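>>> Mind folding the following:
(chains A and B)
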There are 2 protein chains.
Amino acid sequence: MAAEPVDLAAKLALFTEHWSPKAVAALNDYEVKVVKIRGDFVWHTHGDTDELFLVLAGELTIQLRDGDVVLRPGQLYVVPRGVEHCPRADEEVHAVLIEPQGVVNTGDAGGPLTATVERI
Amino acid sequence: MAAEPVDLAAKLALFTEHWSPKAVAALNDYEVKVVKIRGDFVWHTHGDTDELFLVLAGELTIQLRDGDVVLRPGQLYVVPRGVEHCPRADEEVHAVLIEPQGVVNTGDAGGPLTATVERI
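Below you'll find the predicted structure:
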């Protein structure tokens, strides 16, 4: 019985909520997550790790204190550890996040958008 | 001056050779690489790390000893550490590889397909 690939669009079709990343694969001690993004997140920092965003659909703005990075489908950006950032999307974005397991989505900011990551 | 995203298709347009991954971003001590694949690779194993394949274009078969995994665009598969595998593609595939920096593409097999990874 051969293994099955992870289909990112199929995983994204399993949920509707925004700002709640779902794990779809593990790479050593890293997690590959999919997330739906719409609206404004909170400014926050991950002091211990870089964070990779890869956009699959839509247009994602990652606000940084010295300017915005705009990501369209097929584009990625790695937010360096310790760099304050705030994702934002006017229309729904589908994205992949890759970072070590256990990273909290709101980083040092906490608050009501803090999500528990489930595996789907 | 804001940072720029990494455009995967633009990076893939910078080279033509097959089986020679190019680094396009770093995520902590991991590398994000793009690669063009065509034909048969060599059977090999990475004893120390998992290896993530994400297909952007084309159809990639990852041969495993207990069956094939077939990846189409938007699909990923993580080859677990220690699992012998051999990628194959009848037509050119564009893919992303993610694994720790310094992983050799031919793993324990070595040979003429062993590539040095440059950053593009």
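>>> Pull the distance from stretch A:37-55 to the chain's centre.
Relative to the centre of its chain, stretch A:37-55 is centred 6 Å away, using Cα atoms, centre = their mean, to the nearest Å.
>>> In contact with the residue minimising distance to the centre of chain A, which residues?
Nearest to the mean C-alpha position of chain A, by Cα atoms, centre = their mean, lies A:Leu97 at 3.8 Å. Counting by Cβ atoms under 8 Å, 6 or more residues apart in numbering or on different chains, A:Leu97 touches A:Pro21, A:Glu31, A:Val32, A:Lys33, A:Val34, A:Val35, A:Glu51, A:Leu52, A:Phe53, A:Leu54. (C-beta placed from N, C-alpha, C; glycine too.)
>>> Surely A:Val79 is in contact with A:Arg65?
No: assessed by Cβ atoms under 8 Å, A:Val79 is found out of contact with A:Arg65, at 11.6 Å.
>>> Name the nearest residue to A:Gly107, sequence neighbours excluded.
Excluding the flanking residues, the one nearest A:Gly107 by Cβ to Cβ, 6 or more residues apart in numbering or on different chains is A:His44, at 3.6 Å.
>>> show me the residues around the one you found that make contact.
Taking Cβ under 8 Å, 6+ apart as the contact definition, A:His44 lies against A:Glu84, A:His85, A:Cys86, A:Thr106, A:Gly107, A:Asp108, A:Ala109.
>>> Just those residues: which are in strands?
A:His85, A:Cys86 (DSSP state E).
>>> most surrounded residue in the contacts of A:His44?
Per-residue neighbour counts (other Cβ atoms under 10 Å in any protein chain shown) across those peak at A:His85, which has 23 neighbours.
>>> just to revisit the earlier point, before we move on, which element is the closest residue in space to the residue nearest to the centre of chain A that isn't next to it in sequence in?
Once flanking residues are discounted, A:Leu97 sits nearest to A:Lys33: 4.4 Å by Cβ to Cβ, 6+ apart. Assessed by DSSP states H and E, A:Lys33 sits inside strand A:30-40.
>>> and stretch A:7-27, how far from the chain's centre?
With Cα atoms, centre = their mean, you get 10 Å for stretch A:7-27.
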